[in-house]
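Student: fold the following.
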Amino acid sequence: MSGAVMLWLERHGLPPWLAPTYAVMVAVAGLLGAAAFFWLVRRDRGDEAAEGRALLAGYVAALLGGHVFEALRAAPEALARGSWGPMLHAGRAAYGGLIAGVAVAVLVLLRHGAAVRPFLDRLVPGLGITYACVRTGCFLAGCDYGHVTAGALGVRFPAGSPAAEDHAAAGWVPLGAPSLPVHATQLYEAALGALASGIAALWLVRGHRDGRAFGTWLALYAAGRFAIELLRGDAGRGVYGGLSTAQVVSLALLLGLAAAALRARRARRAPATAAALLSLASLGL
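Tutor: Below is the predicted model of the structure:
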């Protein structure tokens, strides 16, 4: 798709280098996300040094975690083939980057005795920016495309793109032709990340820094990602019991969040119950 954008720029007398690549979009996501994060840290008068170290460590871990996640997913295929090829040529998984980035950042915070929940909440605006930019980069690269559709949202990827090559291999289009119209699932996910941040940010506006904003974002993203996976058309995403790897992770996250919410609710009820019992006891005396 980036090639098509470059051709459009050339036709309109604009330099083709204006067409952003996936790598450029990842870099833009990192810069804008960090800017939003540090703006919130300063506004909240947080520990810039500790949270800055955690953010940097998390960013590096996210870049590596995406590759490691996909390499591990490809391990069974590598064993079956007796070759390292599937693992060495695995792509990147958004969930792998998210999980690794958050986990490493939390470990850094704990090591320095810094608060974790405010940090996670301050990530929310940057997460929306990051997913919007990175998934737009995926769209420009042509990867992670959706199922064929005759609807108005269908997008045809140019010849040579992953969608066009896969459709040609399936005999749906001639070799060297554009793909059939497909769901732009990359842009759906970009919109999902931004929308989830917009909704979760309501907690930030109200002054909450207790993990609610991050938990809300994660729940919305996991639910939306599960649904978007139903529209994905690219192969090689792993299927377990009819569910893709991302859907399995989404369900695990939603169950974990539900369990955490239930535990927090019970913890809030315990002091109230104890106070009520004490009141009744005092009346009896």
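Student: contacts, neighbours, all on C-alpha from now
Tutor: Fine.
Student: run through the residues that contact the most centrally placed residue in the chain.
Tutor: Centroid-nearest residue in the chain, with Cα atoms, centre = their mean: A94, separated by 5.0 Å. Contacts for A94 (Cα atoms under 8 Å, 6 or more residues apart in numbering) come out as G66.
Student: state the distance from it to Y221.
Tutor: A94 sits 11 Å away from Y221 when distances are taken as Cα to Cα, to the nearest Å.
Student: show me where the stretch 1-150 of the chain has strands.
Tutor: Using DSSP state E, counting those that start in this stretch, no strands are assigned anywhere in the stretch 1-150 of the chain.
Student: give me the below-cutoff pLDDT ranges for it.
Tutor: 1-18 (pLDDT under 70).
Student: hey, where'd the helices end up in it?
Tutor: Here the stretch 1-150 of the chain has its helices, by DSSP state H, counting those that start in this stretch, at 2-11, 22-44, 48-73, 75-81, 85-88, 94-111, 117-122, 124-141.
Student: export the last one to CSV, keeping only CA atoms.
Tutor: What follows is helix 124-141, C-alpha atoms only, in CSV (Å, rounded to 0.1, in the frame of the first residue of the first chain):
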residue,chain,number,x,y,z
VAL,A,124,-3.3,5.2,28.3
PRO,A,125,-3.1,8.3,25.9
GLY,A,126,0.2,7.0,24.5
LEU,A,127,-1.3,3.5,23.9
GLY,A,128,-4.0,5.0,21.8
ILE,A,129,-1.4,7.0,19.8
THR,A,130,0.9,4.0,19.5
TYR,A,131,-1.8,1.6,18.2
ALA,A,132,-3.2,4.2,15.8
CYS,A,133,0.2,4.9,14.3
VAL,A,134,1.6,1.4,14.3
ARG,A,135,-1.5,-0.2,12.8
THR,A,136,-1.6,2.5,10.2
GLY,A,137,1.9,1.5,9.4
CYS,A,138,0.7,-2.1,9.1
PHE,A,139,-1.9,-0.9,6.6
LEU,A,140,0.7,0.9,4.5
ALA,A,141,2.9,-2.3,4.6
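Student: which strands and helices sit next to that helix?
Tutor: With contacts defined as 3 or more Cα pairs under 8 Å, 6 or more residues apart in numbering; DSSP states H and E, helix 124-141 has these neighbours: helix 22-44, helix 185-205, helix 212-229.
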